[in-house]
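Asks: sequence first, predicted coordinates after that:
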Amino acid sequence: MPPRKTTDFGALFESLIEDLRIQVAASVERTLSDFNKRLARIERRLDQLDPANAVAENAQNRRICSLCDRVAVARGLCSAHYQQWRYRERKTTPRPTRKTPAVVSPTLVLTPKSSEVLANN
């Protein structure tokens with residue numbers, strides 16, 4: 001609290017109380033916000049354990065990442081973990097190379113004039 005240039009102790013006392021009220025309100029707000037976040041995490045985890053007891057309107061909010069607490073996008077993973085999974089999948093699956101020629105299977109054609117069989121490639 002900055003120093004006040006007054007000799008009115010009543011006004012000083014009231015301003016001190018107002019400053020303390022603001023600080024306490026901010027502290028309580030932060031604490032309540034932290035409790036709300038923790039409670040939401042606990043509720044999401046409980047809903048994962050027993051989905052039958054979950055509230056119907058929270059069905060969309062139940063989808064959270066299996067590796068963290070963010071909202072799941074695909075395959076039960078959040079966007080970041082899904083992209084990591086895709087990257088690892090791409091690295092492990094072999095890609096066909098252009099150097100190998102395409103294999104064409106021969107087809108058999110019967111001509112109506114003769115019973116000869118011609119092979120076309």
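Replies: Nice, thanks for sending it over. Please read these numbers as outputs of a predicted model, since none were measured by experiment. Numbers count the residues shown, from 1 in each chain.

Asks: residues near His81, how many?
Replies: 19 (other CB atoms under 10 Å). Every residue, glycine included, has its C-beta placed from N, CA and C.

Asks: the helix or strand where it lies packs against which elements?
Replies: His81 belongs to helix 79-92 when assigned by DSSP states H and E. Of the remaining helices and strands, none touches helix 79-92 by 3 or more CB pairs under 8 Å, 6 or more residues apart in numbering; DSSP states H and E.

Asks: which SS class is Arg38?
Replies: At Arg38 the chain is in helix, as set by DSSP: H, G, I helix; E, B strand; the rest coil.

Asks: check what contacts the helix holding His81 and list those residues.
Replies: 65, 67-68, 70, 73-75, 77 (CB atoms under 8 Å, 6 or more residues apart in numbering).

Asks: buried set for it?
Replies: 81-82 (16 or more other CB atoms under 10 Å).

Asks: dump that helix to PDB, restricted to CA.
Replies: Provided in PDB are the C-alpha atoms of helix 79-92 (Å, rounded to 0.1, in the frame of the first residue of the first chain):
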ATOM      1  CA  SER A  79      -4.500 -33.200 -30.700                       C
ATOM      2  CA  ALA A  80      -0.800 -33.200 -29.600                       C
ATOM      3  CA  HIS A  81      -0.700 -36.900 -28.700                       C
ATOM      4  CA  TYR A  82      -2.600 -37.900 -31.800                       C
ATOM      5  CA  GLN A  83      -0.100 -36.000 -34.000                       C
ATOM      6  CA  GLN A  84       2.700 -37.800 -32.200                       C
ATOM      7  CA  TRP A  85       1.000 -41.100 -32.700                       C
ATOM      8  CA  ARG A  86       0.600 -40.400 -36.500                       C
ATOM      9  CA  TYR A  87       4.200 -39.400 -36.800                       C
ATOM     10  CA  ARG A  88       5.400 -42.600 -35.200                       C
ATOM     11  CA  GLU A  89       3.100 -44.700 -37.400                       C
ATOM     12  CA  ARG A  90       4.400 -43.000 -40.500                       C
ATOM     13  CA  LYS A  91       8.000 -43.700 -39.500                       C
ATOM     14  CA  THR A  92       7.300 -47.400 -38.800                       C
END
